[in-house]
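A.B. asks: Using only what follows, build the 3D model:
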Amino acid sequence: MKLATPLKSMLKALDFDYAWYRMKSVERQARFTKEFGIPAIGAGDARRSDLPIDIVIPVIDKDAGTLPLVIDSAREFIAHPIGGIYLVSPKDSPAIRAIAAEKRCELIDEAELVDISPRDIAYVHEGTNRAGWVYQQLLKWSGGRFCKNRHYLVIDSDTVFIRPQAFEFEGRMVFDFCDEFHVPYFKAFEHLFGMTPRATISFTSHHSLIDTELMRELMDVLGKRHGKPWFEAVAGAVDVTEMSSVSDYDNYGQYVAERHPQRMVVRYWANKSFGRKHLPRLDTLRRRYARLYNTISFHSWNVY
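C.D. replies: Below you'll find the model as predicted:
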C-alpha cells in the first residue's frame, strides 16, 4: 500500500531515538531541579547572548577531517560575540596548523598547558591505552591559560552545531545535559571532591561553557584536597576496569551545581551521532535533524 505524500513526510520527520531519550530525560530533569532548585529552560529560550566568549577546541590529527566543519558551524550558530577561536593540539601537526591558518584560528601548543603528558597517565583498559583521552580533558580545563575572555566554550572536535544556540540566560550560565548517564563518572566525582553526587543528569554533552574564575576555584579545591596539582588529582581518579571512567564535563557541571547553583540553569541537549562516512551528507543531515537536534557528532568510533 502506498502512503499519501503528507503522511510519508510526517513519518520521515519522526525520530524515535529523540522521543525515547527525551522521555527518559524529563524525570531526571524534574528530580534534579527539585533537589538543587536550579531552573530548567527550553531549547528555544536562550536564542542570543551579549556575553563575550572565546572558543576552545582540543584536536589531534585523527579529527582533522571534522575540524573545519566544527569551526564553521561554531561561527554560524553560536549566538555570542566570539573573541578568539583556539585550536589546542600538538605543535608538530602540519594538518592542524594548515586548518588554523585557513580558518583564522589561533594554534596553542598543548604541551605548554599542563605539566603532565599522556605518558604520565596510567590508564590502560583491556589492552587499550586511554591516557590520551584523559589528557585532552585536562586541556579543556586549561583555557584560562590563554583565553582573553572570562568565559570560553569548549567544544569536542568531532561535533558540529546545526542550529543557533546561546549559553547564557538571564545572567546564568546554561549547562546542557544529555542522554548519557554513566555511573563511573559520578564515582570519579565523589573520589575527586569528597561529595556524594546528587545530580540525576549528566553534563557530558560534547561542549561546556567554562567560567575561568570558577575553574580556578575548582582547581584550587582539588589541589588542596589531594595535596598535589589538580591535573595529577584528575589523572589519579581513573579506574582501569572501566573504558571511560572520568568526565571533565560532568566534574565541572556537578561542581558548579553543588557549590554555585545560583550561577546556572540547565537545558536538555539533543545530539545525533553518525559515522564519518556520512560527513559528505552534512547539509542533508542538518536539514533533516535541526528541528529536534542541536548538534551532530561524527565520532571516529561510530561505524554506522
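A.B. asks: Can you tell me the element residue 272 falls in?
C.D. replies: strand 271-274 (DSSP states H and E).
A.B. asks: Contact partners for residue 50?
C.D. replies: 80-81 (CB atoms under 8 Å, 6 or more residues apart in numbering). Bear in mind the C-beta positions are built from the backbone N, C-alpha and C, glycine included.
A.B. asks: Distance-wise, check it relative to residue 201.
C.D. replies: 27 Å (CB to CB, to the nearest Å).
A.B. asks: cool, and residue 281?
C.D. replies: From residue 281 to residue 201 the distance is 31 Å (CB to CB).
A.B. asks: Please say which of those two ends up with more neighbours.
C.D. replies: residue 201 (26 against 12; other CB atoms under 10 Å).
A.B. asks: May I have the phi/psi pair for residue 300?
C.D. replies: In terms of degrees, to the nearest 10, the main-chain angles of residue 300 are phi -70, psi -30.
A.B. asks: I'd like to know how far it sits from residue 198.
C.D. replies: Distance from residue 300 to residue 198, by CB to CB: 34 Å.
A.B. asks: Tell me which stretches of this protein form strands.
C.D. replies: 40-41, 53-58, 82-89, 106-109, 124-125, 128-129, 151-155, 159-161, 168-169, 172-177, 207-211, 264-268, 271-274, 295-298 (DSSP state E).
A.B. asks: Give me the residues contacting the longest one.
C.D. replies: What that stands for is strand 82-89. 52-60, 67, 71, 74-75, 96, 99-100, 103-110, 113, 139, 142-143, 146-149, 152.
A.B. asks: list the helices and strands the strand holding residue 272 packs on?
C.D. replies: helix 282-289, strand 295-298 (3 or more CB pairs under 8 Å, 6 or more residues apart in numbering; DSSP states H and E).
A.B. asks: 6 Å instead?
C.D. replies: strand 295-298 (3 or more CB pairs under 6 Å, 6 or more residues apart in numbering; DSSP states H and E).
A.B. asks: Given the strand it packs on, what are its sheet partners and their directions?
C.D. replies: Strand 295-298 has the following sheet partners, assigned by DSSP bridges: strand 159-161 (antiparallel), strand 271-274 (parallel).
A.B. asks: now the helices for the stretch 1-150 of the chain?
C.D. replies: Here the stretch 1-150 of the chain has its helices, by DSSP state H, counting those that start in this stretch, at 5-13, 16-36, 67-77, 94-102, 131-140.
A.B. asks: Can you give me the buried ones in stretch 66-78?
C.D. replies: Across stretch 66-78, burial judged by 16 or more other CB atoms under 10 Å covers 66-67, 69-71, 73-74, 77-78.
A.B. asks: Let me fix that, I meant to ask about stretch 254-274.
C.D. replies: Result for stretch 254-274 [16+ other CB under 10 Å]: buried residues 254-258, 264-274.
A.B. asks: Can I get that stretch in CSV, CA atoms only?
C.D. replies: Provided in CSV are the C-alpha atoms of stretch 254-274 (Å, rounded to 0.1, in the frame of the first residue of the first chain):
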residue,chain,number,x,y,z
GLN,A,254,28.4,18.8,39.1
TYR,A,255,30.9,21.0,40.9
VAL,A,256,29.1,24.2,39.9
ALA,A,257,25.7,22.6,40.8
GLU,A,258,26.9,21.8,44.3
ARG,A,259,28.9,24.9,45.0
HIS,A,260,27.3,27.7,42.8
PRO,A,261,23.7,26.6,41.9
GLN,A,262,22.7,30.3,41.6
ARG,A,263,25.1,30.6,38.6
MET,A,264,23.4,28.0,36.4
VAL,A,265,20.3,26.9,34.5
VAL,A,266,20.0,23.5,32.8
ARG,A,267,18.8,22.6,29.3
TYR,A,268,18.2,19.3,27.6
TRP,A,269,20.7,18.9,24.8
ALA,A,270,19.9,16.5,21.9
ASN,A,271,22.9,15.3,19.9
LYS,A,272,22.8,12.9,17.0
SER,A,273,25.7,10.5,16.3
PHE,A,274,26.9,9.3,12.9
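A.B. asks: what does that stretch rub up against?
C.D. replies: 18, 25, 36, 38-41, 169, 172-178, 189, 195, 197, 199, 205, 218, 289, 292-299, 302 (CB atoms under 6 Å, 6 or more residues apart in numbering).
A.B. asks: Show me which of these are buried.
C.D. replies: 18, 25, 36, 38, 40, 169, 172-178, 189, 197, 199, 205, 218, 289, 292-299.
A.B. asks: Next one: residue 19 from residue 46, what distance?
C.D. replies: Relative to residue 46, residue 19 is positioned 23 Å away (CB to CB).
A.B. asks: now residue 223
C.D. replies: 33 Å.
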